[in-house]
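A.B. asks: I'll drop the sequence and a predicted model, then ask my questions.
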Amino acid sequence: MAYKKIEQYDEAVTEGLKENYKECLHMLGEDPDREGLLKTPERLAKAMQFLTQGYEQDAHQILESAKFRESISEMVVVKDIELYSLCEHHILPFFGKAHIAYIPNGYITGLSKIARVVDVYARRLQVQERLTTQILDAIKETLNPLGVAVVIEAQHLCMMMRGVQKQNSVTTTSAFWGEFERAETRSEFTKLITADLI
Ligand SMILES: Nc1nc2c(ncn2[C@@H]2O[C@H](COP(=O)(O)OP(=O)(O)OP(=O)(O)O)[C@@H](O)[C@H]2O)c(=O)[nH]1
Ligand SMILES: [Zn+2]
């Protein structure tokens, strides 16, 4: 299967996490048996499985599942793909947008598949830099294009709610390969992702 949607949760994993989260609530000074918290360990167990479902999904298969032969070689840009991920250091969310482009070389892929690939890698414990290069590698390895570009802008709750507590900083990461290593192509991409076209 190309990707597994979480509709049924793994019972053993849910049970194991539930017990641990119950203990966590207790350690944090809460009463896990009070009414409002009774179902919280189970909800959290399911939420965490949803947020990490990317481990069971295969980005290459997703791109392959809608790969079409086309002889065009103009840049394809999908911008403003929203993403939600979890930083692997604090397991707190980081969220923002991905902008992705590739230059076909015989094949194109379904546009939605590009956005699905973002989710496959975002729904794991991540650092923003690795998320960026994993998306690039999957497109490069599956479509054999002339070039790939990935830019991600994100805000990290671990820098906002705690720690350094900076509310407005935005982290931008990028990865460029092939044609996008040329300044001219890269600048066309940058123009397209910053343009207000609609
Ligand atoms: N490079 C990178 N760093 C990240 C990302 N997400 C979180 N971090 C950083 O990971 C670092 C972990 O540093 P540590 O000093 O071990 O953790 P800490 O004591 O909680 O650090 P502070 O957040 O500065 O309080 C912090 O600087 C975070 O800002 C990411 O996606 N990429
Ligand atoms: Zn963090």
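C.D. replies: Looks like it came in fine. Because the structure is predicted, anything quoted here is derived from the model rather than measured. Residues are numbered from 1 along each chain as shown. Ligands and ions are numbered 1, 2, ... in the order given.
A.B. asks: which outside residues touch stretch 165-182?
C.D. replies: Residues from elsewhere that reach stretch 165-182, judged by CB atoms under 8 Å, 6 or more residues apart in numbering: 94, 96, 101, 103, 128-129, 131-133, 135-136, 140, 145-156, 159-160, 185-186, 189. C-beta here means a position set from N, CA and C on the backbone, and glycine is covered the same way.
A.B. asks: so for that stretch, first residue to last residue, what's the gap.
C.D. replies: 37 Å (CA to CA, to the nearest Å).
A.B. asks: can you tell if that stretch touches ligand 1?
C.D. replies: No. Between stretch 165-182 and ligand 1, judged by CB under 6 Å from any ligand atom, nothing touches; the nearest distance is 7.0 Å.
A.B. asks: tell me which residues in that stretch are buried?
C.D. replies: The neighbour-count check on stretch 165-182 (16 or more other CB atoms under 10 Å) flags Thr173, Ser174, Ala175, Phe176, Trp177, Gly178, Glu179, Phe180 as buried.
A.B. asks: ok, for the residue of the chain found nearest ligand 1, nearest residue in space, not its chain neighbours?
C.D. replies: Nearest to ligand 1 in the chain, going by CB to the nearest ligand atom, is Gly163, at a distance of 3.1 Å. The shortest distance from Gly163 to any non-neighbouring residue, by CB to CB, 6 or more residues apart in numbering, is to His90 (8.0 Å).
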